[in-house]
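*Asks:* Predicted model follows, preceded by the sequence.
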Amino acid sequence: MHLRFVAAVAAVLFSSAIARADSFSYDFSNTLFNDAFTYVSPVLFTADAQFQADTCSIGGVSRTCTISLVLSNEALAIVSLTGTASFNSLGPDFFTLGTHSIRENTLTISQISAVAPEPSSMVLLGTGALALLTRSRRRFLR
C-alpha cells in the first residue's frame with residue numbers, strides 16, 4: 001500500500017515537471033537571392049511539413065509564403081503565391097537544433113522554452129497536492 005502511494009506521488013511530480021509547452025523558431029535566409037522567412041512552430045519538424053510563414057521575403061520583397069520542408073529529399077523549398085524560390089541538397093542535419101549554413105543558405109532552429117507551465121500541468125500538480133493533503137490528514141486522524 002505504501003509503495004503504491006510513493007509511486008503515485010512520484011508520477012504526479014515527474015509528469016508535471018516533464019509537461020512543457022516549448023516551441024521552435026525557424027529563421028531562414030539566403031544571401032544570394034535575398035530570400036528569408038521566419039516561423040514559430042509548436043513542434044520540431046522531423047518529417048515533411050507545410051506551413052504559412054510568419055514573415056517572408058523573396059528577392060527582398062515581403063510576400064505571403066507557404067513553406068514546404070521536404071526532409072525526405074533533403075531539400076528546403078520556399079513557395080510563394082507570386083513566385084517560387086527553392087533550395088535543394090541542404091542535408092538532413094540542416095533540420096536539427098542550431099545554426100546551419102551551406103553556401104549562401106542559413107537556417108537557425110532554436111527552442112523557445114515556455115515561461116509559464118501549461119494549464120494541464122497546473123491541474124495535475126494541484127490534484128497531486130490535494131491527494132497528498134487528503135492522505136496525510138487520514139493518517140493523522142487515526
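*Replies:* Sure, I can see it. None of these values were measured; they are calculated from a predicted model.

*Asks:* and residue 70, backbone torsions?
*Replies:* In terms of degrees, to the nearest 10, the main-chain angles of residue 70 are phi -110, psi 90.

*Asks:* partner residues bridging it?
*Replies:* Listed beta-bridge partners, residue 70: residue 75 (assigned using DSSP bridges).

*Asks:* now do residue 39
*Replies:* Here residue 39, judged by DSSP bridges, has bridge partners residue 26.

*Asks:* okay, now it: neighbour count?
*Replies:* By other C-beta atoms under 10 Å, 20 other residues sit near residue 39. For every residue, glycine as well, the C-beta is placed using N, CA and C.

*Asks:* That one against residue 67, yeah?
*Replies:* Yes: with contact defined as C-beta atoms under 8 Å, residue 39 counts as touching residue 67 (6.5 Å).

*Asks:* so what's in contact with the two at the same time?
*Replies:* 51, 53 (C-beta atoms under 8 Å, 6 or more residues apart in numbering).

*Asks:* Understood, closing this out.
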